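In: Show me how the following folds:
(2 chains)
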Amino acid sequence: MRKLVSGLGGRAVIAVPYLWLFIFFLVPFFIVLKISLSQVTIAIPPYIPVFNWQDGLAGFFQKLGALSLDNYLWLADDPLYVNAYLSSLRIAAVSTLLTLLVGYPLAYGMARAPLAVRPILLMMVILPFWTSFLIRVYAWIGILKPEGLLNQFLMFLGLIDQPLIIANTTTAVYIGIVYSYLPFMVLPLYATLEKMDYSLIEAAEDLGCTPLAAFWKITFPLSLPGVLAGCMLVFIPAVGEFVIPDLLGGSGTLMIGKTLWNEFFANRDWPVSSAVAIVLLLILVLPIVYFQRAQARAQERAG
Amino acid sequence: MAGTWGRFNITALVLGFAFLYLPILLLVIYSFNESRLVTVWAGFSTRWYVSLLSNRGLMDAAWVTARVAFISATVATVLGTMAAVALTRYTRFRGRLLFSGMVFAPLVMPEVITGLSLLLLFVAIGFDRGFMTVTLAHITFSMCFVAVVVQSRLVSFDRSLEEAAMDLGATPLRAFFQVTLPIILPAVISGWMLAFTLSLDDLVIASFTSGPGATTLPMKIYSQVRLGVTPEINAVCTILIGIVTLGVIAASVVNKRREVRRQREERLAFAG
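Out: This is a model prediction of the structure:
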């Protein structure tokens, strides 16, 4: 493979995407960090710049003193933000668990289906993932609202005589997250369950294990890498979710993605929304790094 | 393991797929509802599709979205494929850890953070917000998805084919275009389709990075959805679902055909 490494083409293959991600992914984070340390002002753009390229190095050190942690102190002081972070983490954790509970039987059923049907089932899980996220969340509004289809159906069956209030509650947010992120959970679970050696279970059952005990002692531990990958893929984006709490949640549903959005679009407070983003990133950095490591390990195993 | 249909497995599959598909199905059915009330069935009608055609705002937004999605998916596919090749072929180069970090992180990064940070970049360098900025933002996050899709194909790729081509005198570039690319093409195509739908779908990043005159369809849908559920929105959604479903099915049929043809050619080659 040494031949491919050398040469202009080889270098360009690395350099071009590297440079692109550097400019459009890494640099923006430093800008967010910088702005989170500036003061808000009424201007365009609405913040007092802390650094100025023209000032040179001396100006840089002088301006260093102007950096302020005010926005962070503000976040720590105001229970609204602290509660929003905590409640985002809680909502994301609960929905991740629910997604696992819904996704595991589905992935298991797929992995044990006859070989010929599996590609079709796999495609059926992926297909909703291709249709718009916004549309899938929107579909639930019509189902969950008081005069919506779910209540009509339950009242038709005679199970309830008062419409259930689900729309604009945290329950609706759970449903929305489980529904939207289900493919992210099912795919890694399916990948590990499908590769599993089922003769192990047969052996356990031959030795007197009940099917349930065999599941907990063999299947589940062996599927842990898939469980963890799926949970990361659901949990991390769910913490910062905006569309689902905004459309399905109510005034009582506090989530940090929505807080950031409001801070930015409604209050036009760029420094505070930058600080919100930086703190959110700090909270998520551990799971993200863990996810990357797991991805890299899986890739090395495959290669 | 030859799979069998157990009672538990069937129940799990039926319930799971019902959960995945019923909401979309209901949305499609109610787009053909005569009544303005979305949840009360009043007979079959296509009037919402007709009224859609005269909705200039939606049509303009659809056109902007289609162009953004096409351009960003195409550029993202080139960049993402390069990134995938870089990650699988070059196991050591300076800054590789940072590089793989930058490729994987956007996959799970909350969209509000990506959107905000890109917007602040564009403001900092004095780039006017609009069509260009949305496209650049979409290229950036979707190239990472392309990279992951293509990379998963590249790791299982038999490199000896490429080496054989180079031993026979092909330059690395030529070996890539004549040997590697045709083989990984299905993955590259699904990468392009994924990038296209991600761009078609994106609300949050577009809302941050877009400017006047570049309202995308999700932004338009979102602003109308906030005012309430309307059959017209159901109709737009149904059309989008139809396009995506047709695209995915067409792509899988084409892939299947290619596979069958390849197998037949291999058989012929061995027979001859």
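In: Show the pLDDT at residue A:57.
Out: Note on residue A:57: pLDDT of 57.
In: From residue B:218, how far off is the residue nearest to residue B:179 when sequence neighbours are not counted?
Out: If the residues on either side of it in the chain are set aside, residue B:179 comes closest to residue B:165, at 4.7 Å by CB to CB, 6 or more residues apart in numbering or on different chains. Bear in mind the C-beta positions are built from the backbone N, C-alpha and C, glycine included. Distance, residue B:165 to residue B:218, using CB to CB, to the nearest Å: 44 Å.
In: Compare those two (neighbour count), which wins?
Out: Per other CB atoms under 10 Å in any protein chain shown, whichever of residue B:165 and residue B:218 has more neighbours is residue B:218, with 26 against 18.
In: these two touch, right, the more buried one and residue B:203?
Out: Yes - Residue B:218 sits in contact with residue B:203 when judged by CB atoms under 8 Å, with a separation of 4.1 Å.
In: Quick check: neighbours shared by these two?
Out: Taking CB atoms under 8 Å, 6 or more residues apart in numbering or on different chains as the contact rule, residue B:218 and residue B:203 both touch residue A:134.
In: circling back: contacts only, for the residue nearest to residue B:179.
Out: Shown in contact with residue B:165 (CB under 8 Å, 6+ apart): B:174, B:175, B:178, B:179.
In: Which among those residues count as buried?
Out: For the contacts of residue B:165, a burial check counting by 16 or more other CB atoms under 10 Å in any protein chain shown picks out B:175, B:179.
In: Same list (the contacts of residue B:165) but as CSV, adding pLDDT and secondary structure.
Out: Listed next are the contacts of residue B:165 as CSV, based on pLDDT from 0 to 100; DSSP: H, G, I helix; E, B strand; the rest coil:
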residue, pLDDT, secondary structure
B:174, 85, helix
B:175, 85, helix
B:178, 85, helix
B:179, 85, helix
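In: which of the contacts of residue B:165 lies closest to residue B:85?
Out: Proximity of the contacts of residue B:165 to residue B:85 was ranked by CB to CB; the top entry is residue B:175 with 11.8 Å.
In: out of everything not next to it in sequence, what's closest to that closest one?
Out: Excluding its sequence neighbours, the residue lying closest to residue B:175 (CB to CB, 6+ apart) is residue B:165, at 4.2 Å.
In: And the one you found, how far from chain A?
Out: Counting by CB to the nearest CB, to the nearest Å, the gap from residue B:165 to chain A is 11 Å.
In: What's the local residue count around residue A:207?
Out: Residues lying near residue A:207 (other CB under 10 Å) number 8.
In: Equivalent analysis for residue B:6, please.
Out: Neighbour number of residue B:6 under other CB under 10 Å is 14.
In: What ranges does the stretch 151-272 of chain B have for its strands?
Out: Assigned by DSSP state E, counting those that start in this stretch, the stretch 151-272 of chain B shows no strands.
In: Just the helices from it, written as ranges.
Out: B:159-167, B:172-175, B:181-201, B:204-209, B:217-225, B:231-271 (DSSP state H, counting those that start in this stretch).
In: right, so these: which one is the most enclosed?
Out: Burial of the helices of the stretch 151-272 of chain B is given as mean neighbour count (mean count of other CB atoms under 10 Å in any protein chain shown); helix B:204-209 ranks first at a mean of 26.
In: Need the residues that contact the host helix or strand of residue B:123.
Out: According to DSSP states H and E, residue B:123 maps onto helix B:111-124. Applying CB under 8 Å, 6+ apart, the contact partners of helix B:111-124 are A:24, A:27-29, A:31-32, A:35, A:45, A:237, A:240, A:242, A:257, A:260-261, A:264, A:270, A:273-274, A:277, A:280-281, B:106, B:129, B:133, B:136-137, B:140-141, B:202, B:204-209.
In: pretty sure residue A:232 is touching residue A:287, no?
Out: Yes - counting by CB under 8 Å, residue A:287 is a contact partner of residue A:232 at 5.9 Å.
In: Need the overlap of contacts for those two.
Out: With CB under 8 Å, 6+ apart, residue A:232 and residue A:287 have common neighbours residue B:108.
In: If you count surrounding residues, which of those two has more?
Out: Using other CB under 10 Å as the criterion, residue A:232 and residue A:287 rank with residue A:232 on top: 21 against 15.
In: Next one: the more buried one relative to residue A:203, how far apart?
Out: In terms of CB to CB, residue A:232 sits 31 Å off from residue A:203.
In: Of all residues in chain B, which one is closest to chain A?
Out: residue B:110 (2.3 Å; CB to the nearest CB).
In: near chain A, which residues of the stretch 151-272 of chain B?
Out: Contacts of the stretch 151-272 of chain B with chain A, taken as CB under 8 Å from any CB of the partner chain, map to B:151-152, B:155-156, B:159, B:162-163, B:166, B:171-173, B:175-176, B:193-194, B:197, B:200-201, B:203-204, B:207-208, B:218, B:221-222, B:225-226, B:229, B:233-234, B:237, B:240-241, B:244-245, B:247-248, B:252.
In: Quick check: what element follows the helix or strand of chain A with the lowest mean pLDDT along the chain?
Out: Using mean pLDDT, DSSP states H and E, the weakest-scoring helix or strand in chain A turns out to be helix A:2-5, at a mean of 46. Per DSSP H and E, the first helix or strand lying C-terminal to helix A:2-5 is helix A:8-21.
In: Which strands or helices does that next one pack on?
Out: Counting contacts by 3 or more CB pairs under 8 Å, 6 or more residues apart in numbering or on different chains; DSSP states H and E, helix A:8-21 is packed against helix B:56-89, helix B:96-108, helix B:131-154, helix B:172-175.
In: check contacts around the residue of the stretch 201-303 of chain A found nearest chain B.
Out: Closest to chain B within the stretch 201-303 of chain A is residue A:240: 2.3 Å, counting by CB to the nearest CB. Residue A:240 sits next to A:88, A:256, A:257, A:260, A:280, A:284, B:109, B:110, B:111, B:112, B:113 when contact means CB under 8 Å, 6+ apart.
In: Can I get the residues you listed in JSON lines including distance to residue A:14?
Out: Shown next, in JSON lines, are these (distance: CB to CB, whole Å):
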{"residue": "A:88", "distance to residue A:14": "37"}
{"residue": "A:256", "distance to residue A:14": "36"}
{"residue": "A:257", "distance to residue A:14": "34"}
{"residue": "A:260", "distance to residue A:14": "34"}
{"residue": "A:280", "distance to residue A:14": "31"}
{"residue": "A:284", "distance to residue A:14": "27"}
{"residue": "B:109", "distance to residue A:14": "22"}
{"residue": "B:110", "distance to residue A:14": "28"}
{"residue": "B:111", "distance to residue A:14": "27"}
{"residue": "B:112", "distance to residue A:14": "30"}
{"residue": "B:113", "distance to residue A:14": "26"}
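In: From those, pick the one nearest residue A:209.
Out: Of the contacts of residue A:240, the one sitting nearest to residue A:209 (CB to CB) turns out to be residue A:284, at 39.6 Å.
In: which residue sits closest to that closest one, ignoring its sequence neighbours?
Out: Setting aside the residues directly before and after it, residue A:284 is nearest to residue A:236 in space (CB to CB, 6+ apart), at 5.8 Å.
In: what residues does stretch A:196-214 touch?
Out: A:111, A:112, A:215, A:217, A:218, A:219, A:222, A:223, B:1.
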